[in-house]
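Asker: Only the shape, not the letters, is given here:
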């Protein structure tokens, strides 16, 4: 999704129903919020968490959306990064004597918004 504001252009990427706890994904998202695109890639590639790979794919998708718009992803930064909880898959695990225990498998939705901070867009907004 691409929206044009009067000051800057922002590009959005959304990944839904990722099989991961939102708490574990937020631990990674908090580290990249507000950083530049290139710095974000370095951080995510070196993080040891499993959530970093899923978030890296969403950041790449947002950069591809920016490229389709004609923006340079090197001049962009992550203006908004959030993780919301998705549906919880409820499964049963068989136990002794015919009983069962419930297993909850959480999912999450990851949203990344890139904004362009290049001089061109700032000069166009002053005109």
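Answerer: In hand now; what should we look at? Predicted model only: the values in this text are computed from it and were never measured.

Asker: surely residue 41 meets residue 62?
Answerer: No. Assessed by C-beta atoms under 8 Å, residue 41 is found out of contact with residue 62, at 11.6 Å. Any C-beta I mention is one placed from the backbone N, CA and C, and that applies to glycine too.

Asker: So for the two, which sits in the more crowded spot?
Answerer: More crowded of residue 41 and residue 62, by other C-beta atoms under 10 Å: residue 62, with 26 against 17.

Asker: pLDDT score for residue 79?
Answerer: Confidence at residue 79, expressed as pLDDT, is 93.

Asker: Let me see the backbone angles for it.
Answerer: Here is the backbone geometry of residue 79 (degrees, to the nearest 10): phi -90, psi -30.

Asker: same check, this time on residue 70
Answerer: Backbone torsions for residue 70, taken as degrees, to the nearest 10, come to phi 100, psi 10.

Asker: And for it, the neighbour number?
Answerer: When neighbours are counted by other C-beta under 10 Å, residue 70 registers 7.

Asker: ok, now residue 78?
Answerer: 20.

Asker: Bridged to it, which residues?
Answerer: Note on residue 78: beta-bridge partners by DSSP bridges are residue 114.

Asker: where does this protein have low pLDDT?
Answerer: Within the chain, the ranges that satisfy pLDDT under 70 run 1-8, 118-127.

Asker: switch the cut-off to 50
Answerer: Residue ranges of the chain with pLDDT under 50: 6.

Asker: Name the residue most distant from the centre of it?
Answerer: The C-alpha centroid of the chain is most remote from residue 97, which lies 44.2 Å away (C-alpha atoms, centre = their mean).

Asker: how about the strands of this protein, start to end?
Answerer: Applying DSSP state E to the chain gives strands spanning 2-4, 9-18, 76-94, 100-116.

Asker: so which of the ones you listed gets nearest residue 30?
Answerer: Set against residue 30 and scored by C-beta to C-beta, these come closest in strand 76-94, at 8.3 Å.

Asker: List the buried residues for the closest one?
Answerer: By neighbour count on 16 or more other C-beta atoms under 10 Å, the buried set for strand 76-94 is 76-79, 81, 83, 86.

Asker: Need these in CSV (columns: distance to residue 56).
Answerer: Formatted as CSV, those follow (distance: C-beta to C-beta, whole Å):
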residue, distance to residue 56
76, 16
77, 16
78, 12
79, 18
81, 12
83, 14
86, 19
